[in-house]
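Asker: Dropping a prediction and its sequence here:
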Amino acid sequence: TQSTRPQRLLGAVQQNATRGDPRSVVKTIDQFCKHKEWAMNVGDEKGCILDSVVSELNPATVLELGTYCGYSTVRIASLLPPHARLITLEFNPHFAAVARQIIAWAGLQDKVLLVEGASGDWIPKMKEQFGVKTFDLVFLDHWKDRYLPDTKLMEECGLLRKGSVLLADNVVCPGTPDYLQYVRNSPRYNSQYFRSHLEYTKAEDGLEKSVFLG
Ligand SMILES: O=C(NC/C=C/[C@H]1O[C@@H](Sc2ccncc2)[C@H](O)[C@@H]1O)c1cc([N+](=O)[O-])cc(O)c1O
Ligand SMILES: [Mg+2]
């Protein structure tokens with residue numbers, strides 16, 4: 001049977017990256033996407049911005065919406081302090097299966113809880129199911145029309161506290177216009193745009209960092 005792109009990406013990691021070495025996993029995926037096949041990972045340019053936000057925040061509890069193959073999961077988890085936890089939500093079982101293997105190859109499975117299902121279903125259950133109080137950081141990289149409804153849902157479910165940070169990928173390309181309008185105009189957020197490029201291309205894209213003010 002034909003392999004899928006995520007399976008080919010996993011193969012590249014298993015053949016070229018060093019087990020237990022997150023940086024080599026990240027580098028291998030970026031090489032694959034630059035020279036073999038484009039894939040919708042946040043990439044190295046926006047990835048460095050993501051790294052700086054995570055390092056500055058030193059978060060204890062992180063939520064990622066949209067795991068895909070686990071590239072940003074590995075980037076974030078590799079920067080977390082020992083007892084910090086990252087919950088990542090993935091809708092597609094095939095993507096989830098590949099991501100689990102890539103996260104394990106990086107040796108980060110003890111810091112990461114990959115949950116299969118839709119963000120809209122799981123966000124209301126975060127407290128009771130996983131004992132989450134609030135998230136220090138949320139990385140939004142899933143379906144672009146879900147960024148706004150899921151943000152409102154997190155507010156309603158009391159999952160954000162004063163100082164919680166939302167970091168959103170693709171606010172220019174493919175674009176999340178309703179989300180951007182909301183966080184930039186709401187008095188409940190301080191929002192900042194980090195201009196960059198769409199992964200592995202010269203097109204403009206960027207990350208929007210929005211601090212919840214409570
Ligand atoms: O479409 C994009 N991302 C959508 C990502 C979606 C990911 O999240 C879940 S959906 C879901 C739903 C609900 N809850 C959890 C996961 C999908 O199974 C996929 O793994 C995208 C597209 C481009 N591009 O250039 O076209 C560039 C990017 O960086 C992108 O992120
Ligand atoms: Mg993205």
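Answerer: Noted; the coordinates are in hand. Numbering: from 1, shown residues only. Ligands and ions are numbered 1, 2, ... in the order given.
Asker: okay, now E116: neighbour count?
Answerer: When neighbours are counted by other C-beta atoms under 10 Å, E116 registers 16. Where you see a C-beta, it was placed from the backbone N, CA and C, and this is true even at glycine.
Asker: correct me, but L9 touches D30?
Answerer: No - contact criterion C-beta atoms under 8 Å: L9 and D30 do not qualify, at 10.8 Å.
Asker: Looking at those two now, which is surrounded by more residues?
Answerer: L9 (25 against 18).
Asker: did I read that right, V138 in a strand?
Answerer: Yes - the assignment for V138 (DSSP: H, G, I helix; E, B strand; the rest coil) places it in a strand.
Asker: do stretch 157-173 and ligand 2 meet at all?
Answerer: Yes - using C-beta under 5 Å from the ion, stretch 157-173 comes into contact with ligand 2 via D169, N170.
Asker: For that stretch, measure first residue to last.
Answerer: Criterion C-alpha to C-alpha, to the nearest Å; first-to-last residue distance in stretch 157-173 is 29 Å.
Asker: Give me the three-state assignment for W122.
Answerer: Going by three-state DSSP: W122 is helix.
Asker: Show the contacting residues for it.
Answerer: Residues in contact with W122 (C-beta atoms under 8 Å, 6 or more residues apart in numbering) are L89, V115, Q129.
Asker: Now cross-check those residues against ligand 1 and list the overlap.
Answerer: L89 (C-beta under 6 Å from any ligand atom).
Asker: residue ranges with poor pLDDT in the protein?
Answerer: 1 (pLDDT under 70).
Asker: gap between whatever residue of the chain ends up closest to ligand 2 and K127?
Answerer: Of all residues in the chain, the one sitting closest to ligand 2 is D169 (3.8 Å; C-beta to the ion). Distance, D169 to K127, by C-beta to C-beta, to the nearest Å: 25 Å.
Asker: and these two? which has more neighbours close in?
Answerer: Shown here are D169 and K127; by other C-beta under 10 Å, D169 has more neighbours (31 against 14).
Asker: where does the chain come near ligand 1, residue by residue?
Answerer: So far as C-beta under 6 Å from any ligand atom goes, the chain lies against ligand 1 at 40, 65-68, 89-92, 95, 118-119, 141-143, 146, 169-170, 173-174, 198-199.
Asker: who are the neighbours in contact with V112?
Answerer: By C-beta under 8 Å, 6+ apart, the contact list for V112 reads T73, A77, R85, L86, I87, T88, I103.
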